[in-house]
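# Give me a model of this one.
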Amino acid sequence: MRLQTITKCAAVAGALALPFAALVPAASATGGGVGSAVAISATGPVAVPPTPSVTSTGHKPVRKSVAELPANALGIEASLLNAAAWAGHGRASVADLRIAKIGLSASAVTAKCENGNGVSHLKKATLNGRKLKLTAAPNSALTVNLNGLGSATVTLNKHVRDHDGNLSITAIEVSATLAGKTQTIAISSVTCGKGGKPGQPSEPPSQPSEPGTPSTPSTPPDAAPAPTPVTGDLPVTG
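Below you'll find the model as predicted:
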(Lines give C-alpha, C1' and ligand atoms only; values in the text may rest on other atoms or scores of the structure.)
Protein backbone atom coordinates (compact mmCIF):
# COMPACT_ATOMS: atom_id res chain seq x y z
CA MET A 1 0.00 0.00 0.00
CA ARG A 2 2.84 2.36 0.90
CA LEU A 3 4.58 1.57 -2.40
CA GLN A 4 1.40 2.46 -4.32
CA THR A 5 1.11 5.79 -2.48
CA ILE A 6 4.73 6.69 -3.20
CA THR A 7 4.33 5.73 -6.86
CA LYS A 8 1.18 7.86 -7.21
CA CYS A 9 2.83 10.89 -5.60
CA ALA A 10 5.80 10.54 -7.93
CA ALA A 11 3.51 10.38 -10.96
CA VAL A 12 1.60 13.49 -9.85
CA ALA A 13 4.85 15.39 -9.25
CA GLY A 14 6.04 14.50 -12.73
CA ALA A 15 2.77 15.61 -14.32
CA LEU A 16 2.87 18.91 -12.45
CA ALA A 17 6.38 19.60 -13.68
CA LEU A 18 5.66 19.01 -17.38
CA PRO A 19 3.62 22.16 -18.20
CA PHE A 20 6.41 24.39 -16.87
CA ALA A 21 9.50 22.41 -17.77
CA ALA A 22 10.28 24.81 -20.60
CA LEU A 23 9.49 28.02 -18.74
CA VAL A 24 13.06 28.97 -17.81
CA PRO A 25 13.68 32.02 -20.00
CA ALA A 26 16.95 32.72 -21.74
CA ALA A 27 18.76 35.81 -20.50
CA SER A 28 18.08 37.54 -23.82
CA ALA A 29 14.35 36.79 -23.69
CA THR A 30 13.37 38.39 -20.40
CA GLY A 31 11.19 41.47 -20.26
CA GLY A 32 10.37 44.09 -17.69
CA GLY A 33 7.51 44.68 -15.29
CA VAL A 34 5.68 42.35 -12.95
CA GLY A 35 4.21 38.96 -13.69
CA SER A 36 1.53 37.04 -11.78
CA ALA A 37 -0.56 33.90 -12.16
CA VAL A 38 -3.48 32.22 -10.36
CA ALA A 39 -4.92 28.85 -11.36
CA ILE A 40 -8.33 29.14 -9.64
CA SER A 41 -10.00 31.68 -7.34
CA ALA A 42 -13.51 32.78 -6.39
CA THR A 43 -14.90 35.87 -4.68
CA GLY A 44 -18.35 36.75 -3.36
CA PRO A 45 -20.70 34.98 -0.94
CA VAL A 46 -18.54 31.88 -1.36
CA ALA A 47 -14.80 32.46 -1.58
CA VAL A 48 -12.09 30.15 -2.88
CA PRO A 49 -8.60 31.46 -2.12
CA PRO A 50 -6.22 31.82 -5.08
CA THR A 51 -4.92 28.28 -5.61
CA PRO A 52 -2.04 28.40 -6.34
CA SER A 53 -0.90 32.01 -6.72
CA VAL A 54 2.49 33.54 -7.60
CA THR A 55 3.81 37.06 -8.30
CA SER A 56 7.33 37.97 -9.35
CA THR A 57 9.51 40.68 -10.86
CA GLY A 58 12.59 38.46 -11.03
CA HIS A 59 14.11 37.00 -14.17
CA LYS A 60 13.70 33.38 -13.09
CA PRO A 61 10.26 31.73 -12.94
CA VAL A 62 8.59 31.31 -9.57
CA ARG A 63 6.31 28.27 -9.68
CA LYS A 64 3.64 26.73 -7.51
CA SER A 65 1.56 23.61 -8.17
CA VAL A 66 -1.34 21.85 -6.47
CA ALA A 67 -2.34 18.29 -7.30
CA GLU A 68 -6.07 18.79 -6.66
CA LEU A 69 -8.36 21.67 -5.73
CA PRO A 70 -9.75 21.18 -2.20
CA ALA A 71 -13.49 20.56 -1.86
CA ASN A 72 -15.52 23.78 -1.87
CA ALA A 73 -19.14 24.94 -1.61
CA LEU A 74 -19.21 26.00 -5.27
CA GLY A 75 -18.59 22.45 -6.41
CA ILE A 76 -15.53 23.38 -8.48
CA GLU A 77 -13.40 20.35 -9.30
CA ALA A 78 -9.94 20.52 -10.84
CA SER A 79 -6.56 18.82 -10.76
CA LEU A 80 -2.96 19.61 -11.71
CA LEU A 81 -3.24 23.34 -10.95
CA ASN A 82 -0.10 25.25 -12.00
CA ALA A 83 1.03 28.86 -11.74
CA ALA A 84 4.33 30.44 -12.80
CA ALA A 85 5.49 34.06 -13.01
CA TRP A 86 8.60 36.12 -13.65
CA ALA A 87 9.39 39.62 -14.91
CA GLY A 88 6.76 40.53 -17.50
CA HIS A 89 5.42 36.96 -17.73
CA GLY A 90 2.62 34.88 -16.23
CA ARG A 91 1.32 31.39 -17.00
CA ALA A 92 -1.47 29.35 -15.40
CA SER A 93 -3.07 26.02 -16.19
CA VAL A 94 -5.79 23.75 -14.84
CA ALA A 95 -6.68 20.18 -15.83
CA ASP A 96 -9.90 18.20 -15.46
CA LEU A 97 -12.05 21.24 -14.70
CA ARG A 98 -15.68 20.64 -13.80
CA ILE A 99 -18.33 22.99 -12.41
CA ALA A 100 -21.51 20.94 -12.40
CA LYS A 101 -23.81 23.80 -11.32
CA ILE A 102 -23.32 25.59 -14.65
CA GLY A 103 -22.54 22.57 -16.80
CA LEU A 104 -18.94 23.61 -17.47
CA SER A 105 -16.11 21.16 -18.07
CA ALA A 106 -12.71 21.12 -19.78
CA SER A 107 -9.80 18.75 -19.94
CA ALA A 108 -7.39 21.71 -19.84
CA VAL A 109 -7.58 25.48 -19.36
CA THR A 110 -4.46 27.57 -19.89
CA ALA A 111 -3.49 31.23 -20.04
CA LYS A 112 -0.21 32.99 -20.72
CA CYS A 113 0.90 36.60 -20.79
CA GLU A 114 4.23 37.97 -22.03
CA ASN A 115 5.30 41.63 -21.94
CA GLY A 116 1.80 43.05 -22.29
CA ASN A 117 0.45 40.44 -24.73
CA GLY A 118 -1.17 37.06 -24.20
CA VAL A 119 -3.80 34.47 -24.97
CA SER A 120 -5.78 31.65 -23.36
CA HIS A 121 -6.74 28.20 -24.61
CA LEU A 122 -9.41 25.61 -23.80
CA LYS A 123 -9.15 21.91 -24.55
CA LYS A 124 -12.22 19.70 -24.89
CA ALA A 125 -14.35 22.33 -23.19
CA THR A 126 -18.16 22.28 -23.06
CA LEU A 127 -20.79 24.54 -21.51
CA ASN A 128 -24.22 22.93 -21.05
CA GLY A 129 -23.36 20.48 -23.79
CA ARG A 130 -22.15 23.19 -26.18
CA LYS A 131 -18.58 22.77 -27.40
CA LEU A 132 -16.34 25.77 -26.80
CA LYS A 133 -13.62 26.88 -29.20
CA LEU A 134 -9.98 26.16 -28.48
CA THR A 135 -9.25 29.89 -28.60
CA ALA A 136 -12.12 32.33 -28.13
CA ALA A 137 -12.06 35.95 -29.24
CA PRO A 138 -11.15 38.30 -26.38
CA ASN A 139 -14.05 38.96 -23.99
CA SER A 140 -16.46 36.44 -25.54
CA ALA A 141 -19.52 36.34 -23.24
CA LEU A 142 -22.11 33.57 -22.91
CA THR A 143 -25.18 33.30 -20.66
CA VAL A 144 -26.25 30.15 -18.81
CA ASN A 145 -29.26 29.40 -16.60
CA LEU A 146 -28.76 28.42 -12.96
CA ASN A 147 -31.77 26.14 -12.48
CA GLY A 148 -34.19 28.66 -11.02
CA LEU A 149 -31.49 30.84 -9.42
CA GLY A 150 -31.22 33.25 -12.31
CA SER A 151 -28.42 33.28 -14.84
CA ALA A 152 -24.66 33.53 -14.97
CA THR A 153 -22.34 35.19 -17.47
CA VAL A 154 -19.38 33.14 -18.65
CA THR A 155 -16.64 35.24 -20.23
CA LEU A 156 -13.98 33.42 -22.25
CA ASN A 157 -10.49 34.80 -22.85
CA LYS A 158 -11.19 37.92 -20.80
CA HIS A 159 -8.72 40.75 -21.47
CA VAL A 160 -8.31 43.82 -19.26
CA ARG A 161 -5.55 46.38 -19.87
CA ASP A 162 -4.74 49.14 -17.40
CA HIS A 163 -3.48 52.66 -18.13
CA ASP A 164 0.14 51.52 -17.76
CA GLY A 165 -0.24 48.94 -20.50
CA ASN A 166 -0.26 45.95 -18.14
CA LEU A 167 -2.52 43.15 -19.34
CA SER A 168 -4.65 40.73 -17.32
CA ILE A 169 -6.08 37.62 -18.97
CA THR A 170 -8.59 35.18 -17.48
CA ALA A 171 -9.27 32.08 -19.54
CA ILE A 172 -12.75 31.58 -18.01
CA GLU A 173 -14.62 33.95 -15.70
CA VAL A 174 -18.05 33.09 -14.31
CA SER A 175 -20.10 35.92 -12.82
CA ALA A 176 -23.57 35.65 -11.26
CA THR A 177 -25.75 37.73 -8.93
CA LEU A 178 -27.14 35.62 -6.07
CA ALA A 179 -29.32 37.18 -3.37
CA GLY A 180 -28.17 40.62 -4.47
CA LYS A 181 -24.47 39.73 -4.23
CA THR A 182 -22.02 39.06 -7.03
CA GLN A 183 -20.30 35.70 -7.14
CA THR A 184 -17.30 35.28 -9.45
CA ILE A 185 -15.10 32.33 -10.37
CA ALA A 186 -11.84 32.83 -12.25
CA ILE A 187 -10.03 29.98 -14.00
CA SER A 188 -6.42 30.44 -15.16
CA SER A 189 -5.71 34.14 -14.61
CA VAL A 190 -2.43 35.86 -15.49
CA THR A 191 -1.08 39.41 -15.52
CA CYS A 192 2.04 40.76 -17.17
CA GLY A 193 3.72 44.13 -17.29
CA LYS A 194 4.55 45.88 -20.52
CA GLY A 195 8.34 45.64 -20.62
CA GLY A 196 10.86 46.84 -23.16
CA LYS A 197 12.88 44.66 -25.53
CA PRO A 198 16.13 43.12 -24.28
CA GLY A 199 18.82 45.77 -23.91
CA GLN A 200 16.36 48.62 -24.48
CA PRO A 201 14.50 50.85 -22.00
CA SER A 202 10.74 50.54 -21.67
CA GLU A 203 10.34 54.09 -23.02
CA PRO A 204 12.65 54.97 -25.96
CA PRO A 205 14.61 58.22 -25.76
CA SER A 206 13.03 61.15 -27.57
CA GLN A 207 16.12 61.66 -29.78
CA PRO A 208 18.21 58.49 -30.05
CA SER A 209 21.74 59.07 -31.35
CA GLU A 210 23.44 56.92 -33.94
CA PRO A 211 26.12 54.57 -32.53
CA GLY A 212 29.57 56.10 -32.76
CA THR A 213 28.29 59.59 -33.50
CA PRO A 214 29.80 62.21 -31.17
CA SER A 215 27.51 64.66 -29.48
CA THR A 216 27.10 68.07 -31.13
CA PRO A 217 28.93 70.90 -29.34
CA SER A 218 26.65 73.35 -27.63
CA THR A 219 25.71 76.44 -29.64
CA PRO A 220 25.11 79.87 -28.14
CA PRO A 221 21.39 80.61 -27.81
CA ASP A 222 21.50 83.52 -30.24
CA ALA A 223 22.95 81.32 -32.96
CA ALA A 224 21.00 78.12 -32.34
CA PRO A 225 20.14 76.38 -35.63
CA ALA A 226 16.70 75.02 -36.40
CA PRO A 227 16.32 71.47 -35.05
CA THR A 228 16.76 68.66 -37.56
CA PRO A 229 14.30 65.73 -37.24
CA VAL A 230 15.96 62.41 -36.50
CA THR A 231 14.35 59.41 -38.19
CA GLY A 232 14.64 55.89 -36.92
CA ASP A 233 12.72 52.83 -35.85
CA LEU A 234 11.39 52.90 -32.33
CA PRO A 235 10.50 49.68 -30.48
CA VAL A 236 6.78 49.12 -30.14
CA THR A 237 5.32 46.80 -27.57
CA GLY A 238 1.82 45.90 -26.56
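# Now the element after the helix or strand bottoming out on mean pLDDT in the chain, going C-ward?
Lowest on mean pLDDT, DSSP states H and E among the helices and strands of the chain sits helix 2-17, with a mean of 42. Following helix 2-17 in sequence order, the next helix or strand is strand 35-43 (DSSP states H and E).
# That following strand packs against which elements?
Applying 3 or more Cβ pairs under 8 Å, 6 or more residues apart in numbering; DSSP states H and E, one finds that strand 35-43 makes contact with strand 48-56, strand 76-86, strand 89-99, strand 181-192. To be clear about C-beta, it is placed using only N, CA and C from the backbone, and glycine gets the same treatment.
# got any ranges where this protein has weak pLDDT?
For the chain, the stretches with pLDDT under 70 are 1-32, 148, 195-238.
# want to throw the helices and strands packed on strand 35-43 into a markdown table with distance to K158 and mean neighbour count?
Output for the helices and strands packed on strand 35-43, formatted as a markdown table (distance: least, Cβ to Cβ, whole Å; neighbours: other Cβ atoms under 10 Å):
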| stretch | distance to K158 | mean neighbour count |
| --- | --- | --- |
| strand 48-56 | 16 | 18 |
| strand 76-86 | 17 | 23 |
| strand 89-99 | 13 | 24 |
| strand 181-192 | 9 | 23 |
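# I'd like to know which of the ones you listed lies nearest to N157.
Closest to N157 of the helices and strands packed on strand 35-43 is strand 181-192 (Cβ to Cβ; 10.2 Å).
# and the closest one, which strands flank it?
strand 35-43 (antiparallel), strand 167-178 (antiparallel) (DSSP bridges).
# Pick the most deeply packed of those strands.
strand 35-43 (a mean of 25; mean count of other Cβ atoms under 10 Å).
# Next, the angle strand 89-99 makes with that strand.
Angle, strand 35-43 to strand 89-99, by axes from the mean of the first three to the mean of the last three Cα atoms, to 10 degrees: 30 degrees.
# how about the strands paired with strand 181-192 in TSV, adding distance to S140?
Listed next are those as TSV, based on distance: least, Cβ to Cβ, whole Å:
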stretch	distance to S140
strand 35-43	20
strand 167-178	10
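# Quick one: closest of these to N139.
Each of those was scored for nearness to N139 using Cβ to Cβ, and the closest is strand 167-178 (9.7 Å).
# Skipping adjacent residues, who's closest to T43 in space?
Once flanking residues are discounted, T43 sits nearest to T184: 5.3 Å by Cβ to Cβ, 6 or more residues apart in numbering.
# what do you get for I99?
Leaving aside its sequence neighbours, I99 sits nearest to I76 (Cβ to Cβ, 6+ apart; 5.3 Å).
# Likewise for L146?
Using Cβ to Cβ, 6+ apart, the closest residue to L146 is A152 (5.7 Å).
# and the helix or strand hosting the one you found, what does it pack onto?
Using DSSP H and E, A152 sits in strand 151-161. In terms of contacts (3+ Cβ pairs under 8 Å, 6+ apart), strand 151-161 is packed against strand 117-123, strand 140-145, strand 167-178.
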